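Enquirer: have a look at this fold, sequence not included:
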């Protein structure tokens with residue numbers, strides 16, 4: 001029979017070092033994000049970049065789906081302001097044509113005077129869909145004219161994503177959600193002065209759990 005005896009007289013110390021992540025400053029627009037990290041606005045910024053061509057094009061902040069880790073864009077309470085119609089504010093999936101592996105988050109601020117405020121464009125087939133896009137605590141002040149159909153959220157082939165605690169103001173279409181496979185969630189959204197709050201179509205799966213919860217549909221008070 002063998003016995004296992006505890007060893008005495010030896011003390012092992014384990015030291016855990018906290019890795020402090022350094023935020024990356026966004027101090028000018030347009031700005032392209034191709035690496036993971038937390039990106040923080042340093043102040044109110046403007047962008048004069050207009051749409052090029054007829055399809056989705058680069059905007060004020062462009063996030064690559066090839067980033068090898070999570071991406072967080074913190075507007076830090078500030079506003080990004082665009083040139084009006086024919087422009088994009090935040091794009092996801094325009095720099096690359098592949099689906100993302102890690103979450104992409106945009107939060108805490110105002111996006112003003114763009115025709116397209118937040119655009120996520122995946123592509124078919126399914127493996128090129130986008131997913132895990134999170135937007136929280138953002139005011140989307142969208143520019144719409146008789147010839148410019150303004151969008152607050154424009155998702156195509158975007159799955160398992162969530163928009164919460166946001167205001168969409170002045171858009172022709174508040175949320176356009178097309179060709180989702182697993183469905184998206186919209187919680188606590190205020191639609192203000194938006195003629196068509198929702199345009200949901202071409203869901204790829206018949207039981208896609210599209211969720212709309214605790215939303216307010218309103219118009220400005222008469223002056």
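Expert: Sure, I can see it. In this text, all values refer to a predicted model and were calculated from it rather than measured experimentally. Numbers count the residues shown, from 1 in each chain.

Enquirer: ok, now how distant is residue 172 from residue 31?
Expert: 27 Å (C-beta to C-beta, to the nearest Å). Using the backbone N, CA and C atoms, a C-beta is placed for each residue, glycine as well.

Enquirer: remind me which residues of the protein are low pLDDT?
Expert: 1-21, 54-55, 125-127, 202-208, 219-223 (pLDDT under 70).

Enquirer: if you set the cut-off to 80 instead, what comes out?
Expert: Applying pLDDT under 80 to the chain picks out residues 1-21, 52-56, 97, 124-128, 202-209, 219-223.

Enquirer: and stretch 62-79, end to end?
Expert: In stretch 62-79, first residue to last residue: 16 Å (C-alpha to C-alpha, to the nearest Å).

Enquirer: to clarify, my last question referred to stretch 27-44.
Expert: So stretch 27-44: terminal residues 9 Å apart, C-alpha to C-alpha.

Enquirer: list the buried ones in that stretch?
Expert: Neighbour-count burial for stretch 27-44 flags 29, 31, 33, 37, 39-41 (criterion: 16 or more other C-beta atoms under 10 Å).

Enquirer: just stretch 153-164 next, same as before
Expert: 153-161, 163-164.

Enquirer: now, among these, which is nearest to residue 200?
Expert: residue 155 (9.7 Å; C-beta to C-beta).

Enquirer: longest strand anywhere in this protein?
Expert: In the chain, taking DSSP state E as the definition, the longest strand is strand 104-121.

Enquirer: list the helices and strands that one packs on?
Expert: strand 71-74, strand 79-92, strand 133-142, strand 151-156 (3 or more C-beta pairs under 8 Å, 6 or more residues apart in numbering; DSSP states H and E).

Enquirer: from the chain's centre, how far out does the shortest one sit?
Expert: The one in question is strand 71-74. Centre-to-centre, strand 71-74 and its host chain are 9 Å apart (C-alpha atoms, centre = their mean, to the nearest Å).

Enquirer: ok, the residue nearest to residue 170 when sequence neighbours are not counted - contacts?
Expert: Nearest residue to residue 170, sequence neighbours excluded (C-beta to C-beta, 6 or more residues apart in numbering): residue 142, at 4.9 Å. Residue 142 makes contact with 114-115, 117, 150-152, 168-172 under the criterion C-beta atoms under 8 Å, 6 or more residues apart in numbering.

Enquirer: ok, 7 Å please
Expert: 114, 117, 150-152, 168-171 (C-beta atoms under 7 Å, 6 or more residues apart in numbering).

Enquirer: reformat the residues you listed as a markdown table; add distance to residue 78 and neighbour count.
Expert: Shown next, in a markdown table, are the contacts of residue 142 (distance: C-beta to C-beta, whole Å; neighbours: other C-beta atoms under 10 Å):
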| residue | distance to residue 78 | neighbour count |
| --- | --- | --- |
| 114 | 15 | 31 |
| 117 | 15 | 35 |
| 150 | 21 | 26 |
| 151 | 22 | 26 |
| 152 | 19 | 31 |
| 168 | 19 | 30 |
| 169 | 17 | 21 |
| 170 | 19 | 19 |
| 171 | 21 | 29 |
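
Enquirer: for the residues you listed, which one is nearest residue 129?
Expert: Nearest member of the contacts of residue 142 to residue 129, counting by C-beta to C-beta, is residue 151, at 19.1 Å.

Enquirer: partners of that closest one in the sheet?
Expert: Applying DSSP bridges to residue 151 gives these bridge partners: residue 116, residue 173.

Enquirer: so which bits of stretch 63-71 are buried?
Expert: Here stretch 63-71 shows 63-65, 67, 70-71 as buried, counting by 16+ other C-beta under 10 Å.
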